[in-house]
Each structure stands twice: as C-alpha cells, then as structure tokens.
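Novice: Sequence below, structure please.
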Amino acid sequence: GRQFSVSGDDVNNNKKTINLVSALARCTLIRSVVELWGAGPTIDDCVQSIQSGNALKIHQEGKHLGSDAIKYEDRNWKITVHTLGSTYTREEHNDMRSKFSFLDFPGRVQMKDPDDEYLFIREVELDAQGGAVYPRHSGVNREIIPENDARPPLACYFGRVLGNSSLGRNWRGSNRIEKYSLKKRAYLGPTSMDAELSLIMTNLAQIQRGSFAFDPFVGTGSILLTAALRGAYAFGTDIDLRVLRGKSQNENIVSNFKQYGLPPPELVRSDNAIYHRHFRNHLPLFDAIVTDPPYGIRAGARKSGPRKDGDVRPILDEHRYDHVAQTRPYAVSDVMADLLNVAASTLKMGGRLVYVIPSMLDFDEADDLPRHACLRLVSVCYQPLQTELGRRTVTMEKIKDYDEKKRSFYSENTWANGAESAEKVANIRDRLLDIAKKKPGYEEKAAIRKQKRKATKEAKKKAKREAAAERVDGTIKYHNVTQQQSC
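Specialist: Numbers count the residues shown, from 1 in each chain. Now for the predicted structure:
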C-alpha cells in the first residue's frame with residue numbers, strides 16, 4: 001500500500017510516500033483531500049468516532065507536517081460546514097461546530113486562509129441532478145418540511161483539509177484555472193483547447209520540469225502553454241503557417257507565452273503526414289506527445305500535396321525560401337495512423353501519447369480506438385458534450401521499440417475494423433447535421449441563425465467602412481492643417 005504525507009517524497013520501509021500537496025498542484029479536477037478523523041451515521045456518532053481515534057494526537061505531535069511547519073499551539077484554524085443538498089442558517093452551522101468544541105484547538109480562529117481548515121460534511125440522499133431527494137425546504141415559500149427535516153442524514157464526516165487554497169496548490173479554490181482561461185489570452189483560434197482539459201492532458205502525459213513535450217497539431221499553442229506551465233520544453237509543428245505566425249506581433253503563440261512569463265516554444269511549419277522527411281526519427285526524442293488532432297468538426301485536416309492529382313509543378317530556386325506548399329484534405333484515418341506512427345518512433349521508452357478523439361454513441365472503445373503495436377493503452381476518459389456527441393481523452397504509453405521496416409504494417413493495423421472504425425470519427429459533423437435536421441423546428445432555427453450571421457457580417461463591414469472613412473478624414477484634416485501652417 002501507499003502512505004500519504006504532506007512533508008515530502010521519500011521511501012520508508014519500501015513504501016512510497018506521496019506528497020499530497022505536490023499531487024494537488026498537478027490534479028486539476030481535485031478541490032482538496034481530506035484527512036478523515038471520524039465518521040458516523042449522525043453528528044454525535046461522528047464526534048464519538050473522533051474521540052475514540054488518535055487523529056488529534058497525531059496532529060498535536062505534528063511529525064507529519066515536517067520540521068518547518070508552524071507549531072500546533074500557534075496554528076490558526078477554522079471549521080467549515082458543508083450540508084450537501086440542504087440549506088441551514090448560520091446559527092445552525094454554529095450549533096454543528098459547537099459539537100466539536102472538545103477538540104479545543106489552542107490557536108486563534110481565522111476564517112480566511114487559516115493554517116488548518118477542518119471540514120464537517122453532512123450528507124443526505126441526492127437525486128441525479130444533485131438535489132436532495134427529500135428537500136428540507138419547500139420550493140415556493142422556503143418553509144421547512146418537518147418530516148423531511150426529521151430524516152437522519154446518510155452519514156456525517158469530519159476531517160482536516162490537506163492542500164487547501166491557502167497553500168496556492170488548489171487549481172479551483174485559488175482561481176488558478178481562471179487565470180489561464182482562454183478569455184484572458186491575447187491570441188485565440190476556433191479550435192483553441194480550454195485550459196482545464198489541456199491541464200488534464202498534460203497531467204495524464206506525466207509532463208514535469210525538464211520534459212520535452214511535442215504537439216504535432218499545435219494550432220494556437222494552448223496545449224503547449226500548459227506543458228510549459230508544468231516546466232516542459234515545448235515544441236510544436238503545424239501545416240498552417242498563418243496560425244503559427246499569428247495575427248500580429250502582439251497576437252501570436254509567443255505572445256501568449258510572454259503573457260504568463262513562460263519561455264517561448266520552438267515552432268516549425270511541417271506536415272505530420274511526412275514527419276520522417278522533415279526530421280530525423282532514428283532515435284527517440286520526446287518524453288510526451290500531447291495533441292488535439294483535427295477531425296473536421298471545426299477545422300478540417302490538411303496535408304502537403306497538390307489540390308488536383310498529378311498537378312505537380314517544380315518550384316524555382318529563387319522562390320524556395322518563402323514558398324508555401326499547396327495542401328490537400330487529410331483523411332482522419334490517415335491522421336490517426338500517422339500520429340501513432342510518429343509517437344511510436346519518436347517517444348522515449350515509457351513516454352506517453354495523449355490525444356482527444358470525438359465520438360458518437362455508436363463508438364466502441366474496444367474495437368474503434370486506433371492502436372499501435374508499440375503503444376499500450378493506459379486510459380480512456382469520456383466527456384459527454386451533447387446527447388449524441390462526446391469526446392474521449394486517450395492516453396497511450398510506449399512499450400516497444402519501433403521497427404522502421406514495419407511502417408506499412410503499423411499503418412494498416414491502426415484500426416481494428418478498418419474503414420468502418422475510421423468512419424465513426426471521420427464524418428461527425430455531417431452526422432450531427434443529419435440528426436439536427438430530423439428534430440422539429442430545425443428549418444426555422446436555421447433561418448434565424450442565418451439571419452443573425454448575415455446581420456453580424458454586415459455590422460462588421462459597416463464598422464470597417466466607418467473606420468476607413470475616419471482614417472481618410474483624419475488624413476485630409478492633417479494635410480489641410482499642414483498647408484495652412486506652411487502658408
């Protein structure tokens with residue numbers, strides 16, 4: 001088994017000690033961890049459980065806190081009350097707190113950022129929406145319903161909160177996620193990955209300080225930014241040179257990194273379909289590959305090649321320096337086959353590939369996920385987005401050396417059911433549109449959306465014309481003033 005501590009990472013008696021505070025710094029979805037002191041079906045049973053245990057004595061000794069921690073007698077504290085699914089007044093909360101007065105903490109009470117936060121949880125039965133099955137108050141007048149109020153709770157818990165927001169480790173409680181929100185970034189695109197999911201993905205990839213992280217479909221660099229937040233060296237490629245360059249000097253991928261005081265990433269325009277022709281791949285290079293491949297829902301995938309078969313024209317030497325090659329559609333089946341091939345050939349042994357794949361209800365993880373002989377499936381995390389649509393965050397780990405001679409074999413065996421599996425993620429936009437058209441009122445709603453888009457487009461054109469007219473007027477006035485002064 002594993003011991004848990006807040007003092008440091010070490011190995012004692014062949015048992016690994018995990019620093020919970022450090023773990024919380026990586027786990028985006030965890031609000032806190034509670035060291036359970038007591039539990040019972042009622043608050044009185046919970047109190048009795050604490051009194052019969054030794055959690056308070058251990059905390060008084062403070063050995064688990066480390067030598068640099070504030071002494072027990074000097075630690076300020078507070079007790080937080082969570083009554084899940086029910087509302088209680090401040091006086092009722094204080095009555096619950098008074099049940100734990102026997103703990104007799106010596107320090108002073110401090111409600112904001114205390115050294116120790118203790119948590120009492122009163123749990124009741126909840127429905128699928130998170131509301132109480134037997135609500136304490138009526139919905140209209142908010143009057144107490146006596147029979148429901150008299151019902152005992154499911155359980156009561158009391159414990160000490162570890163790694164709370166006062167330590168700056170809680171991504172949610174300390175608003176760290178909000179700090180990196182897409183809304184606050186200088187440069188965005190239609191497919192920018194939200195901060196929370198990209199943090200989860202870089203955590204699944206086990207990126208840490210000094211890791212070499214790669215995103216072959218970098219786009220606006222959202223995933224690379226969170227990799228850099230975790231201390232990685234960030235490297236990204238994309239076939240779209242316009243996205244890599246950005247909109248201006250102040251709106252580009254590098255400006256987002258500067259915004260958060262992070263070292264800029266290395267960016268290269270290249271085509272993942274022919275990675276082996278752009279870079280040397282005879283030796284493993286990356287600790288992690290984290291990416292959101294293009295599936296054609298918002299932006300279709302492209303690869304190098306002429307738009308028409310056979311239409312290949314030589315490029316003159318004087319044009320090669322700034323030449324941008326033509327691109328053509330890139331089938332989703334090939335996108336995934338190439339991605340897994342690149343990961344298998346360039347990841348270090350034990351390195352991880354983490355990617356997102358959209359899917360409909362008919363998607364079967366056992367048969368429809370792409371696979372590779374050199375990569376082991378570690379985990380699949382499903383997130384529903386709509387009734388019919390969701391996305392899966394897939395984590396794979398390199399377990400076998402890549403054999404260049406088997407490149408064709410690897411690609412041919414990416415999809416267990418061949419084209420059938422690939423099609424399930426290839427035409428999702430069209431499938432969603434077909435489902436939407438079958439719903440009542442689709443035509444009317446589509447017409448309204450079309451009118452709104454047209455009105456927005458006209459408003460932008462008008463604003464652009466007015467801005468241009470103002471610039472012209474300003475130029476004319478400037479010339480008139482200059483002429484008068486010269487006369």
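Novice: wait, Ala205 sits on Tyr355?
Specialist: No - here Ala205 does not reach Tyr355: they are 9.9 Å apart, not a contact under Cβ atoms under 8 Å. (C-beta placed from N, C-alpha, C; glycine too.)
Novice: Could you check the pLDDT of Leu229?
Specialist: Looking at Leu229, its pLDDT is 93.
Novice: What of Cys381?
Specialist: So Cys381 comes in at 93 (pLDDT).
Novice: That one and Leu197: what is the separation?
Specialist: 10 Å (Cβ to Cβ, to the nearest Å).
Novice: what residue ranges in the stretch 1-150 of the chain score low on pLDDT?
Specialist: 1-22, 64, 66 (pLDDT under 70).
Novice: Strands of that one, start to end?
Specialist: With DSSP state E, counting those that start in this stretch, the ranges of strands along the stretch 1-150 of the chain come out as 3-5, 10-12, 15-19, 33-40, 77-83, 116-123.
Novice: From the chain's centre, how far out is stretch 126-134? Work that out for me.
Specialist: 28 Å (Cα atoms, centre = their mean, to the nearest Å).
Novice: so who does the residue positioned nearest the centre of the chain touch?
Specialist: By Cα atoms, centre = their mean, the chain has its centre lying nearest to Leu197, at 1.4 Å. Neighbouring residues of Leu197 by Cβ atoms under 8 Å, 6 or more residues apart in numbering: Val356, Gln383, Thr393.
Novice: could you dump those residues to TSV with secondary structure?
Specialist: Formatted as TSV, the contacts of Leu197 follow (DSSP: H, G, I helix; E, B strand; the rest coil):
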residue	secondary structure
Val356	strand
Gln383	strand
Thr393	strand
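Novice: which of those residues count as buried?
Specialist: Among the contacts of Leu197, those scoring as buried are Val356, Thr393 (criterion: 16 or more other Cβ atoms under 10 Å).
Novice: Make JSON lines out of the contacts of Leu197 and add distance to Ile289.
Specialist: Converted to JSON lines, these look like this (distance: Cβ to Cβ, whole Å):
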{"residue": "Val356", "distance to Ile289": "13"}
{"residue": "Gln383", "distance to Ile289": "20"}
{"residue": "Thr393", "distance to Ile289": "14"}
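Novice: Pick out whichever of the contacts of Leu197 sits closest to Leu119.
Specialist: Proximity of the contacts of Leu197 to Leu119 (Cβ to Cβ) peaks at Gln383, which lies at 28.0 Å.
Novice: Quick check: bridge partners of the nearest residue to the closest one once chain neighbours are set aside?
Specialist: Spatially, and ignoring its direct neighbours in sequence, Gln383 is nearest to Arg391 (5.4 Å; Cβ to Cβ, 6 or more residues apart in numbering). Beta-bridge partners for Arg391, by DSSP bridges, are Pro358, Gln383.
Novice: Show the end-to-end separation of stretch 37-49, please.
Specialist: 8 Å (Cα to Cα, to the nearest Å).
Novice: Give me the residues contacting it.
Specialist: 50-51, 53, 55-56, 96, 99-100, 102, 120, 122, 152-160.
Novice: Show me which of these are buried.
Specialist: 50, 55-56, 96, 99-100, 120, 122, 153, 156-160.
Novice: In those, find the pair that's most separated.
Specialist: It's Leu56 and Pro153 that sit farthest apart of these, by Cβ to Cβ, at 23.0 Å.
Novice: Spell out which helix or strand contains the residue nearest to the centre of the chain, please.
Specialist: Using DSSP states H and E, Leu197 falls within helix 195-204.
Novice: With just CA atoms, put that helix into CSV.
Specialist: Taking C-alpha atoms only, helix 195-204 is exported to CSV below (Å, rounded to 0.1, in the frame of the first residue of the first chain):
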residue,chain,number,x,y,z
ALA,A,195,-7.3,25.4,-20.1
GLU,A,196,-8.8,22.8,-17.9
LEU,A,197,-8.7,20.0,-20.4
SER,A,198,-5.2,20.8,-21.6
LEU,A,199,-4.0,20.8,-17.9
ILE,A,200,-5.7,17.3,-17.5
MET,A,201,-4.0,16.1,-20.7
THR,A,202,-0.5,17.3,-19.7
ASN,A,203,-1.0,15.6,-16.3
LEU,A,204,-2.0,12.3,-18.0
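Novice: Pull the residues that contact the helix or strand following that helix.
Specialist: Downstream of helix 195-204, the next assigned helix or strand under DSSP H and E is strand 212-215. Here strand 212-215 makes contact (Cβ under 8 Å, 6+ apart) with 202, 205, 207, 221, 223-224, 227, 232-237, 285-291, 346.
Novice: so after strand 212-215, what's the next helix or strand?
Specialist: Using DSSP H and E, the first helix or strand after strand 212-215 is helix 222-229.
Novice: Please compute how far the helix or strand following that following helix lies from its chain's middle.
Specialist: Counting by DSSP H and E, the next helix or strand C-terminal to helix 222-229 is strand 233-238. How far strand 233-238 lies from its chain's middle: 18 Å, per Cα atoms, centre = their mean.
Novice: Check the spacing between Gln326 and Arg313 real quick.
Specialist: Distance from Gln326 to Arg313, by Cβ to Cβ: 9 Å.
Novice: what pLDDT, on average, does stretch 329-338 get?
Specialist: Here the average pLDDT along stretch 329-338 is 87.
Novice: Tell me which residues of that stretch come out buried.
Specialist: Tyr330, Val332, Ser333, Asp334, Val335, Met336, Ala337, Asp338.
Novice: and for it, what are the contacting residues?
Specialist: Residues contacting stretch 329-338 (Cβ under 8 Å, 6+ apart): 272-273, 275, 293-296, 300-303, 357, 370, 410-411, 414-415, 419, 422, 425-426.
Novice: what sits against the residue nearest to Gln383?
Specialist: Arg391 touches Val356, Ile357, Pro358, Ser359, Tyr382, Gln383, Leu385, counting by Cβ under 8 Å, 6+ apart.
Novice: Among those, name the buried ones.
Specialist: Buried among those (16+ other Cβ under 10 Å): Val356, Ile357, Pro358, Ser359.
Novice: okay if I get those residues as JSON lines plus pLDDT and distance to Arg176?
Specialist: Converted to JSON lines, the buried ones among the contacts of Arg391 look like this (pLDDT from 0 to 100; distance: Cβ to Cβ, whole Å):
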{"residue": "Val356", "pLDDT": "93", "distance to Arg176": "22"}
{"residue": "Ile357", "pLDDT": "90", "distance to Arg176": "27"}
{"residue": "Pro358", "pLDDT": "86", "distance to Arg176": "28"}
{"residue": "Ser359", "pLDDT": "85", "distance to Arg176": "30"}
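Novice: between those residues, which is closest to Lys460?
Specialist: Pro358 (29.9 Å).
Novice: Can you list the residue ranges for strands in the stretch 201-350 of the chain?
Specialist: Under DSSP E, counting those that start in this stretch, the stretch 201-350 of the chain gives strands at 212-215, 233-238, 266-269, 286-291, 302-304, 327-329, 347-360.
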